[in-house]
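*Asks:* From the sequence below, what's the structure:
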Amino acid sequence: MNSILVADDEKSLRDFLVIMLKEEGYQVVTASSVEKAIKQIHENEFDLILTDIRMGRSSGIDVLDAAKDTLPDTPVVMMTAYASAETAVIAMKKGAYDYISKPFKIEDIQLIIKNALDKRRLTAENRLLKNTLNDHFQVSNVIGKFESIKKIFDLVDKVSQSKATVLITGESGTGKELIAKAIHFNGNRKNYPFHLPPLRERKEDITELVNHFINKYNARHNKTYIQGIDPDALKVFERHSWPGNVR
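*Replies:* Predicted coordinates:
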């Protein structure tokens, strides 16, 4: 259940938002002042914060600042009865997710909340995926104790810190893609997408891939069912457009 903090010094609006949000299935905490809102932020985790931009003599920008410091991944939506383009620009520059003027339509605030929570979820999922990839492709996860493998580990450590393009060669099944990903995720490249050229851009690998899968099939059945591939069949593979890679 997503938790939302509603900060507004107008009790009627707080009560209205509590009713609406609870009907939508959210857990709601309220604060009637900037000070109380900041206290809640320091003491609790929230998936979304809705705050008035002006509460008495205090500014909701202070709530935004506290949220960015303490809960940097939590989207903050600013509400105000004092429509001001200048205030909106300030809030957005400071990291507010969105800005809505009072009075607002229920469907408008509902849509903003949904989009903000969706963005938070996607951000969390992307971070988890990136961390998982970083852990998975650590050099320590490449298995091997021979001296030649240790040399490869050392080389991966060195080139992963370089901006130079790296060419990896080797027989099929030796772990070229794993080494490529280890280089990518152990260096400065890890914050950028990993790109492996599709088979249609490297058709010289087709023969190696064919032999790899033949050997893999024979080994699985402990028999040499397939001796090789007919040259004409290989030409068919080489002429194919290969819209994706093969596994």
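*Asks:* Let me see the ranges of the helices in this protein.
*Replies:* 11-23, 34-43, 60-70, 85-93, 106-136, 147-159, 176-185, 206-221, 231-239 (DSSP state H).
*Asks:* Out of those helices, which gets nearest to Leu5?
*Replies:* Distance to Leu5, taken as C-beta to C-beta, is lowest for helix 34-43 among the helices of the chain, at 5.6 Å. Using the backbone N, CA and C atoms, a C-beta is placed for each residue, glycine as well.
*Asks:* Lowest average pLDDT across the helices of the chain?
*Replies:* Lowest mean pLDDT within those: helix 147-159, at a mean of 72.
*Asks:* count of neighbours near Ile112?
*Replies:* Residues near Ile112, counting by other C-beta atoms under 10 Å, number 20.
*Asks:* Thought Asp98 was touching it, still the case?
*Replies:* Yes. With contact defined as C-beta atoms under 8 Å, Ile112 counts as touching Asp98 (5.2 Å).
*Asks:* can you list residues touching both of these two?
*Replies:* Val77 (C-beta atoms under 8 Å, 6 or more residues apart in numbering).
*Asks:* could the helices of the chain go into a markdown table alongside distance to Ile53?
*Replies:* Listed next are the helices of the chain as a markdown table, based on distance: least, C-beta to C-beta, whole Å:
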| stretch | distance to Ile53 |
| --- | --- |
| helix 11-23 | 13 |
| helix 34-43 | 10 |
| helix 60-70 | 4 |
| helix 85-93 | 6 |
| helix 106-136 | 15 |
| helix 147-159 | 50 |
| helix 176-185 | 42 |
| helix 206-221 | 60 |
| helix 231-239 | 63 |
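*Asks:* do you know which of the ones you listed lies nearest Ile4?
*Replies:* For the helices of the chain, proximity to Ile4 was assessed by C-beta to C-beta; helix 11-23 is nearest, at 5.8 Å.
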